[in-house]
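In: let me see the structure of the following:
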Amino acid sequence: MRTSGGTQAADTRHRLLEAAELLFIEGGYDALSLRALTARAGANLAAVNYHFGSKEAMLKELLAQRLDRLNEERLRLLDACESHGTVPDCVTILGVLFVPALQLGRDPSAGPAFLRLLGRVYSDASPFIRDHLQRHYHPIFDRFFEAFARALPHLPRNELGLRLHFALKSLSGVLAADDLGELVAELSMGQDINDAELLARLVALVSPALTAPLGTPQQIAVIDRLLRQAADDAARTIPSSRSTGTNCTLPA
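Out: Below is the predicted model:
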């Protein structure tokens, strides 16, 4: 009887975590209601309180299960790349971020939609998720920021922060929308390529956000010309639309 009860409790806990993961991927933290969670898991509210205490505690456990292993493997790979005083370049550091993620994305133990979960975590705007990431993973963020700073020493730190935020936020949106199979198919473009080629293409798409010139005089001139053109077009359109307006006379 004890074994049966323990197995049933473990199964309920697993179903709650699995349901929480899928609902979080679909709609983010703010859309993850306890009502939807218990319906998806086939459990009741008492089970959530018994196993986790709260929705927040359950999400923290889920994120720890998924992200702790990923970041441990990233740090080990970065340590290896920095051994003997070596300073990895930007492409290498992006590879350090992507290689363990791809490997875990193919590992059934990491969850059925690991990369989509990863994308949702880093693109979710809820204060709870942002605060949890900042508190729990701040040392890892700092470690990679310093690695990028050494790889791109010409960039001011505030500009590097902007570039990293934009690059990784954009990538997170892509990951949150597509499962691994769809992402691989898009990057492969119908070709038979190996993982090295696949990730090299992903790096090639992301790295310009870190290395491309930011607002050169030529770029500014092009955009300024477009702004003036748009303003001129708007100025010509408004008077003509007014002149063709319909006069309305109220009856006496």
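
In: got the phi/psi numbers for Thr216?
Out: Dihedral pair for Thr216: phi -70, psi 160, per degrees, to the nearest 10.

In: next, count neighbours for it.
Out: Thr216: 10 surrounding residues under other Cβ atoms under 10 Å. Any C-beta I mention is one placed from the backbone N, CA and C, and that applies to glycine too.

In: how near is it to Ala46?
Out: Applying Cβ to Cβ, to the nearest Å, the value for Thr216 to Ala46 is 61 Å.

In: next one: Ile25
Out: Per Cβ to Cβ, Ile25 is found 25 Å from Ala46.

In: neighbour-wise, which of those two wins?
Out: When neighbours are counted by other Cβ under 10 Å, Ile25 comes out ahead of the other of Ile25 and Ala46, with 21 against 9.

In: nearest residue to Ser126 in space, please, no chain neighbours.
Out: Tyr29 (4.0 Å; Cβ to Cβ, 6 or more residues apart in numbering).

In: measure Gly215 to Ala209 for me?
Out: Look at Gly215 and Ala209: by Cβ to Cβ, they are 13 Å apart.

In: for Thr86, same thing?
Out: As judged by Cβ to Cβ, Thr86 and Ala209 stand 24 Å apart.

In: so for those two, which sits in the more crowded spot?
Out: A count of neighbours by other Cβ under 10 Å puts Ala209 above the other of Thr86 and Ala209, at 18 against 10.

In: residue contacts, Val48?
Out: Leu16, Leu34, Leu37, Thr38, Ser54, Lys55, Met58 (Cβ atoms under 8 Å, 6 or more residues apart in numbering).

In: please, which helix or strand holds it?
Out: helix 45-51 (DSSP states H and E).

In: then Phe24?
Out: Counting by DSSP H and E, Phe24 is found in helix 2-27.

In: now that helix: buried residues?
Out: Going by neighbour count (16 or more other Cβ atoms under 10 Å), the buried part of helix 2-27 is Thr12, Arg13, Arg15, Leu16, Leu17, Ala19, Ala20, Glu21, Leu22, Leu23, Phe24, Ile25.

In: now, among those residues, which is nearest to Ala204?
Out: Ile25 (26.7 Å; Cβ to Cβ).

In: please tell me how far that closest one sits from Leu183.
Out: Ile25 sits 14 Å away from Leu183, going by Cβ to Cβ.

In: just after the helix holding Val48, pick out the following helix or strand.
Out: Counting by DSSP H and E, what follows helix 45-51 is helix 55-81.

In: before we move on, what SS does the closest residue to Glu82 other than its chain neighbours have?
Out: Among residues not flanking Glu82 along the chain, Pro88 sits closest, at 6.4 Å (Cβ to Cβ, 6+ apart). Of the three states, Pro88 takes coil under DSSP: H, G, I helix; E, B strand; the rest coil.

In: for Pro88, give me its contacts.
Out: Pro88 makes contact with Leu78, Cys81, Glu82, Val96, Ala147, Ala151, according to Cβ under 8 Å, 6+ apart.

In: just the helices from the protein, written as ranges.
Out: Listed in chain order, the helices of the chain (DSSP state H) span residues 2-27, 34-41, 45-51, 55-81, 90-105, 114-123, 127-151, 157-177, 180-188, 195-206, 208-211, 217-243.

In: how near is the residue most central in space within the chain to Asp232?
Out: Centroid check for the chain by Cα atoms, centre = their mean gives Ser172 as the closest residue, at 2.5 Å. Ser172 sits 38 Å away from Asp232, taking Cβ to Cβ as the criterion.
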